[in-house]
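Trainee: Could you work out the structure for the sequence below:
(chains A and B)
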Protein chains: 2
Amino acid sequence: MFRHHSQPLVSAPAETAVLALLLAEGPLSRVELARRTGLSSTAVTKAARPLIDDGYLYELPPERTAPGAGRPVNPLAVAPDREYFIGLKISAGELFGAVCDLRAGIRATAGRPLNECTPEAVAVQVAGLVDELLDADPAFRDRTRHLGVAVNGDVDRDSGRLRHSGLLGWRDVPLAELLAASTGLTVTVENDVRALTVAEHWFGEGIGTEYFALVTIGSGIGSALVVNGRLLRGAYGVAGEVGHVCVDPTGPRCRCGARGCVESIASTDVILAAVREAAANPRLTFGEVVGMAREGSPEACEAFARAGRAIGVGIATLVNVVGPERVVVSGEGVDAYDLLGRHIQDAYAAHVFGAASRCPLSLRPLPWEEWARGGAAVAIQALFPQPASPSTIGVG
Amino acid sequence: MFRHHSQPLVSAPAETAVLALLLAEGPLSRVELARRTGLSSTAVTKAARPLIDDGYLYELPPERTAPGAGRPVNPLAVAPDREYFIGLKISAGELFGAVCDLRAGIRATAGRPLNECTPEAVAVQVAGLVDELLDADPAFRDRTRHLGVAVNGDVDRDSGRLRHSGLLGWRDVPLAELLAASTGLTVTVENDVRALTVAEHWFGEGIGTEYFALVTIGSGIGSALVVNGRLLRGAYGVAGEVGHVCVDPTGPRCRCGARGCVESIASTDVILAAVREAAANPRLTFGEVVGMAREGSPEACEAFARAGRAIGVGIATLVNVVGPERVVVSGEGVDAYDLLGRHIQDAYAAHVFGAASRCPLSLRPLPWEEWARGGAAVAIQALFPQPASPSTIGVG
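Mentor: Coordinates of the predicted model:
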């Protein structure tokens, strides 16, 4: 993260644990917070005090758990409007932004086309979009310090650099620094699929899981994984590349150069190309191909079936290798889930190993603002200290 | 782990960090220990004191780092003979055991055939083997409290139960409890591939890595993974199942029921069966098949090539999904590595994605005592507290 001016809100481990739990899970009593964090009640009270004084936490009215069950308890809750966060998705042709509250609730959205796509031009347009969003409510202007950016490609969150994005055609761009300069905000940059996974892990279906995976389907096939509660990054920045899991060594050539990657069979571009060829009609749109499949065209149905099988085998591979508690499938490709879903589920069930078959796949539609919300979730994480370098050696 | 009588040696986080680093990396100065653990020098000195008093650590003679570089430093080191650990591998037909020192150095070994393979009969024979090992040196008898057991199958280390082992034909056996009763030692039980991975991560090629993978090839194909310094367990106990990664959905039926798993193509049993069929000679041994391939028999060479390609694609999948810093390939199948290696490396290189191609594969022969040493490494971990339940939510 590129720190323009702000410091983490919490630094002590006890404060970090208390705030993180309340953000993700909502109001909890001090007793419950103590049980969940392993802290003493006194330590919980002490950790909560400065956050209450600062307006980030507040006490709910007392409630008795049961008649005669002792003195009343005041659950602690996050005050969602204490601070706002701007989340942003940068795509090849479009910027999309959202103002979110402390619990990643979307409060305002705005978008604009990106005509010029150099990093410098994008930085100027981001500043304009941020201004537009902050103008929506005076409270936003007063209480927004952080911008989180979700962007396609290989991103180093710590340094704020985008190492490479094929979609944007960028290489080694100091994106956080550029955007901090143009907006005056503290900026965190993250790969878009990883940002979406953070949002889903902290504020969605992944809440409370130690092992979690999100898979996006569409023109690209991606995923990100949470292990022991933390995003899996890989020693070389590569992890969760379900799109480049090989499911057929004699399959088609993928844009990465290898053969038979999930993406080379299941990308919406590949489905479109296959049906165009089978129908000898190079002008078909993806929407028309979806329509053909829904009307029962054998070529179109087979293209979706082949794609669904490849995705299902790829997800089974993720699950056999990493062992998530649940997998969420999302991405623009889920619009065609009625055509893909059965094939994904069947192939997944056929290839998942042993007890891992208990891991459910669930579907989550992905409107554009969810990508921006992913950026905001990453910005909310900037309230926390960077994790201490994890000890190299753990036990167990 | 089933605690028969002993408590962890260290409990405070500072002691844990100091002892773990010295065990894995050898002598280090207090300055270096402070730098690596993030503790103050005072905290390092305080953490080391009881371990020095107890004889687990000692100070090396002072050394000056450079002329005139200030006061001399006494590096701290582990006293390897302060305590011994018995490691044990239970196979279908054989027990193999080793006495190891604190740094997993093998000090004595012994084995015996297992004629009767019920859990109760094995517990009696384990007690006999442990006695034989402890009799080898009076110091072993005096200073051994822990037994670590490496066993095929699905193991819950925390409860000490073996949930299921196809090879042994056992289901839901309270193995740690049985062996603690028969030997009087504190017993830790772990899946054999995971135990081997712990040994390699703490005391072998994985030292200092945050992300590490070990793949075993042979009659079964398995792997275990270390992520953020800790063994990856999976939400349902399944993780690292490289043997059941699908590399060809139309491939042969695997014993797990799915089609085209790496194991269904690359197991030594499958190689043997393929060459027997091609040569119309059902009596060929695996050794003979290896000999035929080394002499250039096209059928035998092709069977090894096919197996090597499947293993290479499977390892590329592990690397694309999890992103280890390095992968060690081991197992009894590495005896035929001259026949497999090139195919493994070529397929790996063809399918590994992007920057993950920097992850090297290295080969490590696996004599039987290494499996037993894996058990001892797991027993050494019993000196440490169970990790505090990792916070569900991490940042980054």
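
Trainee: which residues does the nearest residue to A:Trp368 once chain neighbours are set aside bridge with?
Mentor: Ranked by C-beta to C-beta, 6 or more residues apart in numbering or on different chains and with sequence neighbours excluded, the top spatial neighbour of A:Trp368 is A:Phe96, at 5.2 Å. No exception for glycine: its C-beta is placed from N, CA and C like everyone else's. Note on A:Phe96: beta-bridge partners A:Lys89, A:Gly111, judged by DSSP bridges.

Trainee: how many neighbours does A:Phe96 have?
Mentor: Neighbour count for A:Phe96, taken as other C-beta atoms under 10 Å in any protein chain shown: 22.

Trainee: Identify the residues contacting it.
Mentor: Applying C-beta atoms under 8 Å, 6 or more residues apart in numbering or on different chains, we find A:Phe96 in contact with A:Leu88, A:Lys89, A:Thr109, A:Ala110, A:Gly111, A:Trp368, A:Glu369, A:Trp371, A:Ala372.

Trainee: what does A:Thr183 give?
Mentor: A:Thr183 neighbours (C-beta under 8 Å, 6+ apart): A:Val126, A:Ala127, A:Val130, A:Leu147.

Trainee: phi, psi of the last one?
Mentor: It refers to A:Leu147. Dihedral pair for A:Leu147: phi -120, psi 130, per degrees, to the nearest 10.

Trainee: Check the spacing between the most centrally placed residue in chain A and chain B real quick.
Mentor: Chain A has A:Leu196 as the residue nearest its centroid, 1.2 Å off, counting by C-alpha atoms, centre = their mean. A:Leu196 is 16 Å from chain B, where distance means C-beta to the nearest C-beta, to the nearest Å.

Trainee: do the same with A:Gly87
Mentor: With C-beta to the nearest C-beta as the criterion, A:Gly87 and chain B are 17 Å apart.

Trainee: any chance you could read off phi and psi for that residue?
Mentor: Torsion angles, degrees, to the nearest 10, at A:Gly87: phi -110, psi 140.

Trainee: A:Ala379 is in contact with that one, correct?
Mentor: Yes: using C-beta atoms under 8 Å, A:Gly87 is in contact with A:Ala379, at 6.4 Å.

Trainee: Pull out the buried positions in stretch A:291-301.
Mentor: Residues A:Met292, A:Ala293, A:Ser297, A:Ala300, A:Cys301 are the ones in stretch A:291-301 that count as buried (16 or more other C-beta atoms under 10 Å in any protein chain shown).

Trainee: So A:Ala34 lies in a helix, does it not?
Mentor: Yes: counting by DSSP: H, G, I helix; E, B strand; the rest coil, A:Ala34 is located in a helix.

Trainee: For it, list the residues it contacts.
Mentor: By C-beta under 8 Å, 6+ apart, the neighbours of A:Ala34 are A:Ser40, A:Ser41, A:Ala43, A:Val44.

Trainee: now that we have those, which one has the most neighbours?
Mentor: A:Val44 (26 neighbours).

Trainee: Tell me the gap between the host helix or strand of that one and the middle of its chain.
Mentor: Per DSSP states H and E, A:Val44 falls inside helix A:41-53. In this view, helix A:41-53 has its centroid 30 Å away from the chain centroid, taken as C-alpha atoms, centre = their mean, to the nearest Å.

Trainee: for that helix, packing partners?
Mentor: Counting contacts by 3 or more C-beta pairs under 8 Å, 6 or more residues apart in numbering or on different chains; DSSP states H and E, helix A:41-53 packs against helix A:13-25, helix A:30-37, strand A:57-59.

Trainee: Between helix A:30-37 and it, find me the angle.
Mentor: 110 degrees (axes from the mean of the first three to the mean of the last three C-alpha atoms, to 10 degrees).

Trainee: Check which residues of helix A:41-53 are buried.
Mentor: Buried-residue list, helix A:41-53, by 16+ other C-beta under 10 Å: A:Ala43, A:Val44, A:Thr45, A:Ala47, A:Ala48, A:Leu51.

Trainee: Could I get the average pLDDT for it?
Mentor: Across helix A:41-53, pLDDT averages out at 94.

Trainee: Okay, angle between it and helix A:13-25 too, please.
Mentor: 70 degrees.

Trainee: can you list contacts of helix A:41-53?
Mentor: When contacts are defined by C-beta under 8 Å, 6+ apart, helix A:41-53 is touched by residues A:9-10, A:12, A:14-15, A:17-19, A:30-31, A:33-34, A:37, A:39, A:57-59, A:76.

Trainee: Type out the PyMOL command that picks the buried ones from those residues.
Mentor: In PyMOL, a selection of the buried entries from these looks like this (16+ other C-beta under 10 Å):
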select buried, chain A and resi 9+10+14+15+17+18+19+30+33+34+37+39+57+58+76
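
Trainee: How about the residues of the stretch 151-300 of chain A by chain B?
Mentor: Proximity of the stretch 151-300 of chain A to chain B, by C-beta under 8 Å from any C-beta of the partner chain, involves residues A:154, A:157-158, A:201-202, A:208-211, A:225, A:227-242, A:244-249, A:256, A:258-259.

Trainee: Cross these against helices and list the overlap.
Mentor: If you go by DSSP state H, those have A:His201, A:Trp202 in helices.

Trainee: are any of the residues of the stretch 151-300 of chain A next to chain B buried, and which?
Mentor: By neighbour count, with 16+ other C-beta under 10 Å, these hold A:154, A:157, A:201-202, A:209-211, A:225, A:227-242, A:244-249, A:256, A:258-259 as buried.

Trainee: Quick one: distance of stretch A:188-198 to the chain centre.
Mentor: The answer for stretch A:188-198 is 5 Å, by C-alpha atoms, centre = their mean.

Trainee: How about stretch A:45-57?
Mentor: Its chain's C-alpha centre and that of stretch A:45-57 lie 28 Å apart, by C-alpha atoms, centre = their mean.

Trainee: Report how many residues lie close to the residue lying closest to A:Thr144 once chain neighbours are set aside.
Mentor: Of all residues not flanking A:Thr144 in the chain, A:Tyr84 sits nearest, at 4.5 Å (C-beta to C-beta, 6+ apart). By other C-beta under 10 Å, the residues close to A:Tyr84 number 26.

Trainee: Would you confirm that A:Tyr84 contacts A:Pro138?
Mentor: No: under the contact definition of C-beta under 8 Å, A:Tyr84 does not touch A:Pro138, with a separation of 11.4 Å.

Trainee: what about whatever residue of the stretch 1-150 of chain A ends up closest to chain B, distance to A:Phe286?
Mentor: Closest contact between the stretch 1-150 of chain A and chain B, by C-beta to the nearest C-beta, is at A:Ala20 (4.5 Å). Using C-beta to C-beta, to the nearest Å, A:Ala20 is found at 40 Å from A:Phe286.

Trainee: Looking at the two, which is more packed in?
Mentor: Set A:Ala20 next to A:Phe286 and count neighbours by other C-beta under 10 Å: A:Ala20 wins out with 22 against 18.

Trainee: pLDDT value on the more buried one, please?
Mentor: 90.

Trainee: I figured it hits A:Phe384, correct?
Mentor: Yes: if you go by C-beta under 8 Å, A:Ala20 and A:Phe384 touch, sitting 6.9 Å apart.

Trainee: Domain ranges for chain A, per the record?
Mentor: A:13-78, A:83-198+A:371-381, A:208-363 (automatic domain parsing).

Trainee: Out of those, name the one with the poorest average pLDDT.
Mentor: Looking at these, the bottom one is domain A:13-78 with a mean of 87.
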